[in-house]
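> everything below, folded, please.
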Amino acid sequence: MRLIGLAVILTFSLILAPFAVEAQPTEKVYRIGLFHVGLDHVPPSLDGLREGLRALRYDVPASPIPKVSTVFDGSNIRLDWRNLADERAARQTAKDFVRDRVDLIVAFENQAVRAAQAATAEVPVFFLHVSDPVAEGFVKSFPRPGGNVTGIADYLGELQAKRLELFKELVPRLRRFLVLTDHTDPATPRLMGEISRAATQRRVQLVERAATTETDLTRIFASLKTGDVDAVVIVSPTLITKFPSLILRLSSERRLPLASHRRELVQEGVLFSYGPDFLALGRDAARYVDRILKGAKPVDLPVQQASRLELVINLKTAKALGLTIPQSILLRADQVIQ
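Numbering: from 1, shown residues only. I've put the predicted structure just below:
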């Protein structure tokens, strides 16, 4: 009888075992849709974001980020990364993310944020690399963003004025600046107003030229005569994100110094950059992303401001342009590229 009882118990154990396995909870795989407009580069904070997520125990692959769209699959997270040509593609991608029921949308820069905001009022949206989230209508205020959108604001319009000031310190002889704008970009009038006020204060002249395409930019630079302008400033965020490498090449061909907001372009040949430490900004973003994935609502998460700005100077570019950078400026720089 004892043997029969053991056999019965064993039989039931074998029968029920698969159901017990199925009943065990499995770790949730969080799905994040990330997108950006600007095929010639990857947002510099994206590596920092992945690094920060790994530190928070998300299984994020460490493989290099390609400029083309790709998917990073981990055991508890899936990153659907899309790099896009224009805002029309961004609007479609935002709709795709909503249709695919992602847990969170991460939008890099103004064009992607506008697309995400138009696509959903329910899926949480986290932004990075925006010019001014309040002025752009992404949030109501920094402490109380409202709705389903929050993030980190990295450079506000006043940084345009600061770069103009740095330009004058680096190259005191500068008098006329070529200012590139895109009139289809909603941020242009506000940013142009801010840099115009800064130019008046510093007694320099702005030569504004509007462009929306590569052809426009090529035509603008081809039309310049020697002495027309002394340096180049990009005002509209759309031009900053879509054509930075092209504008750098065209400026270099005309031997015109160019300023930027990120160190990566200085490494490629821009004279200097003044803007956030984007790698650190990405790590900061990971903590907010983690909170949202675990249930926090964007409406309850105040918009942060980038905490640290850095000045990076390319001394090799300065020498190629025949410029001598004052020692006082070099001592203030966070990095000098020889």
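> what about the strands in the stretch 51-200 of the chain?
Per DSSP state E, counting those that start in this stretch, the stretch 51-200 of the chain carries strands over the ranges 70-73, 77-84, 104-108, 125-130, 149-153, 176-181.
> quick one: the one helix or strand T218 maps to to strand 176-181, angle?
Under the assignment given by DSSP states H and E, the secondary-structure element containing T218 is helix 214-222. For the pair helix 214-222 and strand 176-181, the angle between their directions (axes from the mean of the first three to the mean of the last three C-alpha atoms, to 10 degrees) equals 170 degrees.
> for helix 214-222, buried residues please.
If you call a residue buried by 16 or more other C-beta atoms under 10 Å, then helix 214-222 has these buried ones: L217, I220, F221. All C-beta atoms are positioned from the backbone trio N, CA, C, and that covers glycine.
> so which elements touch it?
Under the contact criterion of 3 or more C-beta pairs under 8 Å, 6 or more residues apart in numbering; DSSP states H and E, helix 214-222 touches strand 176-181, helix 244-253.
> ok, the most centrally placed residue in the chain - contacts?
Among the residues of the chain, H129 comes closest to the average C-alpha position under C-alpha atoms, centre = their mean, at 3.8 Å. Neighbouring residues of H129 by C-beta atoms under 8 Å, 6 or more residues apart in numbering: P43, S45, F108, E109, D154, F278.
> hang on, isn't E122 packed against N148?
Yes. Here E122 lies in contact with N148, judged by C-beta atoms under 8 Å, at a distance of 6.2 Å.
> pick out whichever of those two has more residues nearby.
When E122 and N148 are compared on other C-beta atoms under 10 Å, the one with more neighbours turns out to be N148, at 19 against 9.
> R308 is in contact with A280, correct?
Yes. With contact defined as C-beta under 8 Å, A280 and R308 form a contacting pair (6.3 Å).
> okay, the two: which has more neighbours?
A280 (16 against 10).
> wait, a helix at the more buried one?
Yes. According to DSSP: H, G, I helix; E, B strand; the rest coil, the state of A280 is that of a helix.
> pull up the gap between it and R263, please.
Shown here: A280 relative to R263, a distance of 12 Å by C-beta to C-beta, to the nearest Å.
> tell me which residues of stretch 87-107 are tucked away?
Neighbour-count burial for stretch 87-107, with 16+ other C-beta under 10 Å as criterion, is recorded at 87, 89-91, 93-94, 97-98, 102-107.
> how far away is I195 from L265?
Counting by C-beta to C-beta, the gap between I195 and L265 amounts to 19 Å.
> more neighbours: which of these two?
With other C-beta under 10 Å as the criterion, I195 and L265 differ in neighbour count, and L265 comes out ahead with 25 against 22.
> okay, now the unreliable bits of the chain?
Residues of the chain that meet the criterion pLDDT under 70 lie in 1-26, 155-158.
> and the helices in it?
For the chain, applying DSSP state H gives helices covering 2-23, 45-55, 87-99, 109-119, 158-170, 188-201, 214-222, 237-242, 244-253, 263-268, 278-293, 315-320, 327-332.
> dump the residue contacts of S251.
Shown in contact with S251 (C-beta under 8 Å, 6+ apart): F221, V232, P257, L258.
> surely the first one meets S252?
No. The pair F221 and S252 does not pass the contact test of C-beta under 8 Å, sitting 10.3 Å apart.
> count the neighbours of V134 for me.
When counting by other C-beta under 10 Å, one arrives at 15 neighbours for V134.
> go ahead and confirm it touches F142.
Yes. With contact defined as C-beta under 8 Å, V134 reaches F142; the gap is 7.0 Å.
> would you turn the buried residues of stretch 87-107 into TSV with distance to L248?
What follows is the buried residues of stretch 87-107, written out as TSV (distance: C-beta to C-beta, whole Å):
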residue	distance to L248
E87	22
A89	24
A90	23
R91	28
T93	27
A94	29
F97	31
V98	35
V102	34
D103	37
L104	33
I105	30
V106	27
A107	25
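> isn't A231 right next to V171, touching?
Yes. Applying C-beta under 8 Å, one finds A231 in contact with V171, separated by 6.9 Å.
> distance of D47 from E264?
Taken as C-beta to C-beta, the spacing of D47 relative to E264 amounts to 11 Å.
> first-to-last residue distance for stretch 79-92?
The first and final residues of stretch 79-92 sit 18 Å from each other (C-alpha to C-alpha, to the nearest Å).
> do stretch 165-174 as well
11 Å.
> with stretch 46-63 instead?
End-to-end distance of stretch 46-63: 12 Å, with C-alpha to C-alpha as the criterion.
> that stretch: how far from the chain's middle?
16 Å (C-alpha atoms, centre = their mean, to the nearest Å).
> for that stretch, buried residues please.
Buried residues in stretch 46-63, counting neighbours by 16+ other C-beta under 10 Å, are found at L46, D47, G48, L49, R50, G52, L53, R54, Y58, V60.
> could the residues you listed be laid out in CSV, adding distance to A320?
Formatted as CSV, these follow (distance: C-beta to C-beta, whole Å):
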residue, distance to A320
L46, 30
D47, 29
G48, 30
L49, 34
R50, 34
G52, 37
L53, 39
R54, 39
Y58, 43
V60, 39
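> and which of these is nearest L191?
When the buried residues of stretch 46-63 are compared for distance to L191 (C-beta to C-beta), L46 comes out closest, at 24.1 Å.
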